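Engineer: missing the sequence, but the structure's below:
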């Protein structure tokens, strides 16, 4: 909505209407405008210049530079909320995690002369709370970035077999239990389309999903205890069948080390002792598909635009986290950002982080105006 400030004259005096309160100093843009801009950019993955054209077509006097400043200035006020999100994630008892890349244009060209690089963005999904936490550290994919953000977590962490996760369960991460992703394991065999043995093993993994989907917790009175017993019953038989088939493939004589079927088999066997952990709980997922779906927001952004700097990628991590968490928690993204922008811009910087916890989408309630 565009508010026009009217002037009128009465008794030779000029009177001017009051503009709505704006959350940023010396700014004419209200929280609702910034919320709309944020929703278009970080939930619908619209390039900022396209969002600017959208608003200009509806009568707003806006350029890309102003839009960028609005996003960056509001980000400063949301930093404590973002910190509260990071703390809330590691307080969960079950996290699914992954990392993917986005195109970033650093200030200085890479040593190879490239002006656009792959900047890796990580994501943790709290499977109990529904919270989504993206984080970015100069585009690094190193284990140290993962260690820094998982610090304080004790619970189950589900992920693929990327080397950055290999230290889970060891040393300072001894309180974390790794759960593998069965889809990643199964996909190695599915990709060998012309190999009958690989397709048979893929079908056996598929049967795990067939049995899993025969019942759902809270449907027709099916309880978590019922599901745990059902899982332990079907998984014991199926996992033994799969193990025997994998062992037979591994023990073949005269197979070259670079045989694709052998590589897929060894990939599965290296994680074999961790697979039964999935079926030791009624609520653990068989795969990391929830995270894969969330990462589509990043892949969609990657196809549409290049992020201009590392700081821009950090801002994207913050806004994506809040917007996508809203979507997962069935919270209206526009209403949410309108409210938290108004609140967070009025709270002093030394406000305890704990106070921000109730502003995260899983607990958020609209303020009473």
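Structural biologist: Great, that's in hand. Predicted model, so just to flag it, every value in this text is computed and none were measured.
Engineer: all strands of the stretch 101-250 of the chain, in order?
Structural biologist: Applying DSSP state E, counting those that start in this stretch to the stretch 101-250 of the chain gives strands spanning 117-126, 132-136, 155-158, 176-179.
Engineer: partners of residue 99 in the sheet?
Structural biologist: residue 122 (DSSP bridges).
Engineer: residues contacting it?
Structural biologist: 120-123, 141, 162, 164 (C-beta atoms under 8 Å, 6 or more residues apart in numbering). Yep, even glycine has a C-beta here, placed from its N, CA and C like the rest.
Engineer: Count residues in the vicinity of the nearest residue to residue 166 once chain neighbours are set aside, would you?
Structural biologist: With sequence-adjacent residues excluded and distances taken as C-beta to C-beta, 6 or more residues apart in numbering, residue 166 is closest to residue 143, at 7.9 Å. Residues within reach of residue 143, counting by other C-beta atoms under 10 Å, total 15.
Engineer: Can you say which of the contacts of residue 99 are buried?
Structural biologist: 120-123, 141, 164 (16 or more other C-beta atoms under 10 Å).
Engineer: Of those, which is the nearest to residue 236?
Structural biologist: residue 164 (31.6 Å; C-beta to C-beta).
Engineer: Nearest spatial neighbour of the closest one, chain-adjacent residues omitted?
Structural biologist: residue 143 (4.7 Å).
Engineer: for that neighbour, what are its contacts?
Structural biologist: Residues in contact with residue 143 (C-beta under 8 Å, 6+ apart) are 163-164, 166-167.
Engineer: Could you give me the PyMOL syntax to select whichever of these are buried?
Structural biologist: Only the buried entries of the contacts of residue 143 go into this PyMOL selection, using 16+ other C-beta under 10 Å:
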select buried, resi 164+167
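Engineer: Need the worst-confidence member of the contacts of residue 143.
Structural biologist: Looking at the contacts of residue 143 by pLDDT, the weakest one is residue 166, with 88.
Engineer: Can you tell me how far the residue nearest to residue 166 is from residue 122?
Structural biologist: With distances taken as C-beta to C-beta, to the nearest Å, residue 143 is found 11 Å from residue 122.
Engineer: Could you find the closest non-adjacent residue to residue 180?
Structural biologist: residue 271 (4.4 Å).
Engineer: residue ranges with poor pLDDT in the stretch 251-369 of the chain?
Structural biologist: For the stretch 251-369 of the chain, applying pLDDT under 70 flags the ranges 369.
Engineer: What ranges does it have for its helices?
Structural biologist: For the stretch 251-369 of the chain, the helices defined by DSSP state H, counting those that start in this stretch cover 260-270, 275-278, 289-294, 296-304, 310-328, 333-344, 353-356.
Engineer: Just name the most buried of those helices.
Structural biologist: The highest mean neighbour count among these, using mean count of other C-beta atoms under 10 Å, belongs to helix 310-328: a mean of 22.
Engineer: name the helices or strands packed onto that one?
Structural biologist: helix 31-42, helix 64-90, strand 94-104, strand 117-126, strand 132-136, helix 296-304, helix 333-344 (3 or more C-beta pairs under 8 Å, 6 or more residues apart in numbering; DSSP states H and E).
Engineer: With distance to residue 52 as extra columns, can I get those in a markdown table?
Structural biologist: Output for the helices and strands packed on helix 310-328, formatted as a markdown table (distance: least, C-beta to C-beta, whole Å):
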| stretch | distance to residue 52 |
| --- | --- |
| helix 31-42 | 9 |
| helix 64-90 | 5 |
| strand 94-104 | 20 |
| strand 117-126 | 23 |
| strand 132-136 | 24 |
| helix 296-304 | 14 |
| helix 333-344 | 18 |
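Engineer: For residue 263, find the nearest of the ones you listed.
Structural biologist: Comparison of the helices and strands packed on helix 310-328 against residue 263 by C-beta to C-beta identifies strand 94-104 as nearest, at 21.7 Å.
Engineer: Check which residues of the closest one are buried.
Structural biologist: 94-100, 102-104.
Engineer: export these to JSON lines and tack on distance to residue 51 and pLDDT?
Structural biologist: Shown next, in JSON lines, are the buried residues of strand 94-104 (distance: C-beta to C-beta, whole Å; pLDDT from 0 to 100):
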{"residue": "94", "distance to residue 51": "35", "pLDDT": "98"}
{"residue": "95", "distance to residue 51": "32", "pLDDT": "98"}
{"residue": "96", "distance to residue 51": "30", "pLDDT": "98"}
{"residue": "97", "distance to residue 51": "30", "pLDDT": "98"}
{"residue": "98", "distance to residue 51": "27", "pLDDT": "98"}
{"residue": "99", "distance to residue 51": "27", "pLDDT": "97"}
{"residue": "100", "distance to residue 51": "23", "pLDDT": "97"}
{"residue": "102", "distance to residue 51": "18", "pLDDT": "95"}
{"residue": "103", "distance to residue 51": "18", "pLDDT": "94"}
{"residue": "104", "distance to residue 51": "20", "pLDDT": "94"}
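Engineer: Identify the farthest-apart pair in those residues.
Structural biologist: 94 and 103 (31.6 Å).
Engineer: Residue 107 and residue 309 touch, don't they?
Structural biologist: Yes: counting by C-beta atoms under 8 Å, residue 107 touches residue 309, with 6.3 Å between them.
Engineer: Between these two, which has more neighbouring residues?
Structural biologist: residue 309 (13 against 8).
Engineer: Against residue 117, how distant is the more buried one?
Structural biologist: Residue 309 is 11 Å from residue 117, by C-beta to C-beta.
Engineer: overlap in contacts of these two?
Structural biologist: Common contact partners of residue 309 and residue 117 (C-beta under 8 Å, 6+ apart): 104-106.
Engineer: Contacts only, for residue 122.
Structural biologist: With C-beta under 8 Å, 6+ apart, residue 122 has these contacts: 97-99, 134-136, 145-146, 149.
Engineer: how about a cut-off of 7 Å?
Structural biologist: 99, 134-135, 145-146, 149 (C-beta atoms under 7 Å, 6 or more residues apart in numbering).
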